[in-house]
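> Using only what follows, build the 3D model:
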Amino acid sequence: MQRKAYAPGIAALLAALLAGCTGSSDDGGPTDGSNPGDTGTASPAAEPGRYRTLPEPCTAVGQSMLDELLPGIRQITDGEQREKAYEGEPTVTFDTDRKVGCQWKVDGREATDHLLIDFERVVSYDNAVSDDNQAEQLFAEREAAAHLPEPTATESAATESPAAGSTPAGGSSAAPSGSPTPTGTSSSSSSTSATPTELQPRVLEDFGDEAFIDDELSSSGSTAKQRTVTVAFRTSNVVVTIEYAEQPATVGVVPDSKELQDRAQKLASQLADSLSD
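Predicted coordinates:
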């Protein structure tokens with residue numbers, strides 16, 4: 001008797017479930033089991049970045065450019081050693097799909113030069129943030145960390161008319177290349193105070209979507225001063241960093257700021273062009 005009383009209950013439950021699955025849509029109600037508040041359309045994912053791969057860093061710099069950046073490389077008499085110097089040394093990274101780099105160091109008769117290039121492909125894991133926007137945020141953080149001086153009215157005036165500028169060392173173009181006059185009294189903590197305004201760390205507009213250059217002179221008093229010029233730029237979701245340093249072999253000789261900056265910017269322009277190809 002209990003089983004007979006239980007059977008109608010099962011039948012009623014099945015009927016209710018079937019009615020729920022095949023309910024009429026005449027009243028505009030959902031027929032696919034979706035939530036009433038579901039609009040049926042998902043938010044589109046943010047655009048992926050332009051770059052899915054990175055270049056081979058140790059072949060990204062041509063031999064003629066290395067000759068210019070590393071003058072001592074042509075002074076190496078042993079052919080095998082010179083070839084090895086051109087090849088560079090890959091930097092250690094844990095994910096070559098996301099970050100690669102290469103470095104060169106050459107001891108010349110007049111100076112030791114060091115070059116480091118780094119490529120980083122930025123990927124956003126947030127569907128609401130594009131790879132480009134993520135890279136833009138990362139680049140802004142690095143630019144802020146460089147503590148670039150704020151542009152001033154005198155900076156633009158000195159750029160338009162260097163002869164009328166009142167910056168330390170005069171910013172004169174008549175100073176010979178390699179002369180210690182413009183930067184001979186500066187240190188890393190106050191290097192901008194003795195650097196012509198147009199050569200101070202600043203934002204660049206010549207390549208990539210955004211770029212900046214930094215210039216720092218070491219404060220070591222007992223050894224030859226080392227100047228390090230850093231150029232960083234972003235193209236879409238790839239951030240490229242160039243670090244170019246020179247330390248003269250003679251104490252008292254100061255690496256020329258303009259010369260190093262020009263070389264580093266020339267390399268940055270070439271790398272930006274190669275990414276655009």
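> S257 touches E198, doesn't it?
No: using Cβ atoms under 8 Å, S257 makes no contact with E198, being 10.1 Å away. C-betas here are computed from N, CA, C, even on glycine.
> So between the two, which is more surrounded?
S257 (22 against 17; other Cβ atoms under 10 Å).
> Spatially, which residue comes closest to that one, not counting chain neighbours?
L199 (5.0 Å; Cβ to Cβ, 6 or more residues apart in numbering).
> Distance of that neighbour relative to C58?
30 Å (Cβ to Cβ, to the nearest Å).
> When these two are compared, which one has more neighbours?
L199 (23 against 18).
> pLDDT score assigned to that one?
Looking at L199, its pLDDT reads 91.
> Over to G108?
For G108, the model assigns a pLDDT of 93.
> The residue lying closest to it once chain neighbours are set aside: neighbour count?
Leaving aside its sequence neighbours, G108 sits nearest to G72 (Cβ to Cβ, 6+ apart; 2.2 Å). The number of residues packed near G72 is 17, by other Cβ under 10 Å.
> now do Q270
Neighbour count for Q270, taken as other Cβ under 10 Å: 15.
> quick one: contacts for the closest residue to it other than its chain neighbours?
Excluding its sequence neighbours, the residue lying closest to Q270 (Cβ to Cβ, 6+ apart) is M65, at 6.6 Å. Counting by Cβ atoms under 8 Å, 6 or more residues apart in numbering, M65 makes contact with K266, L267, Q270.
> secondary structure class for M65?
helix (DSSP: H, G, I helix; E, B strand; the rest coil).
> mind checking pLDDT for it?
98.
> go on, G33?
In this prediction, G33 has a pLDDT value of 48.
> One more: G23?
47.
> Pull the number of nearby residues for N127.
By other Cβ under 10 Å, neighbour count at N127 equals 11.
> Secondary structure element holding the closest residue to it other than its chain neighbours?
Leaving out its chain neighbours, the residue that sits closest to N127 by Cβ to Cβ, 6+ apart is A45, at 4.6 Å. A45 belongs to no helix or strand when elements are defined using DSSP states H and E.
> I'd like to know how many residues surround A45.
11.
> any idea how far it is from D209?
22 Å.
> what does D113 give?
For D113 relative to D209 (Cβ to Cβ), the value is 29 Å.
> which of those two has more neighbours?
D113 (23 against 15).
> List the contacts of the more buried one.
L69, L70, P71, G72, W104, K105, V106, Y244, A245, E246.
> Tell me where the model's unsure across the stretch 151-277 of the chain.
152-195, 220-221 (pLDDT under 70).
> hey, where'd the strands end up in it?
202-204, 210-217, 227-235, 238-248 (DSSP state E, counting those that start in this stretch).
> looking at those strands, which is closest to R121?
Taking Cβ to Cβ, strand 238-248 is the member of the strands of the stretch 151-277 of the chain nearest to R121, at 5.4 Å.
> just checking, which of the contacts of D113 belong to strands?
W104, K105, V106, Y244, A245, E246 (DSSP state E).
> Need these in TSV (columns: distance to D95 and neighbour count).
What follows is the ones in strands among the contacts of D113, written out as TSV (distance: Cβ to Cβ, whole Å; neighbours: other Cβ atoms under 10 Å):
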residue	distance to D95	neighbour count
W104	23	21
K105	25	15
V106	29	21
Y244	25	25
A245	26	21
E246	31	26
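> Isn't A211 up against V231?
Yes: counting by Cβ under 8 Å, A211 does reach V231; the two are 6.9 Å apart.
> Looking only at neighbour counts, state which of those two leads.
V231 (27 against 23).
> and the gap between the more buried one and Y125?
V231 is 28 Å from Y125, by Cβ to Cβ.
> now do D277
Counting by Cβ to Cβ, the separation of D277 from Y125 is 28 Å.
> Between the two, which is the more surrounded one?
Remark: of D277 and Y125, Y125 carries more neighbours, 7 against 4, as counted by other Cβ under 10 Å.
> All good on my end, thank you.
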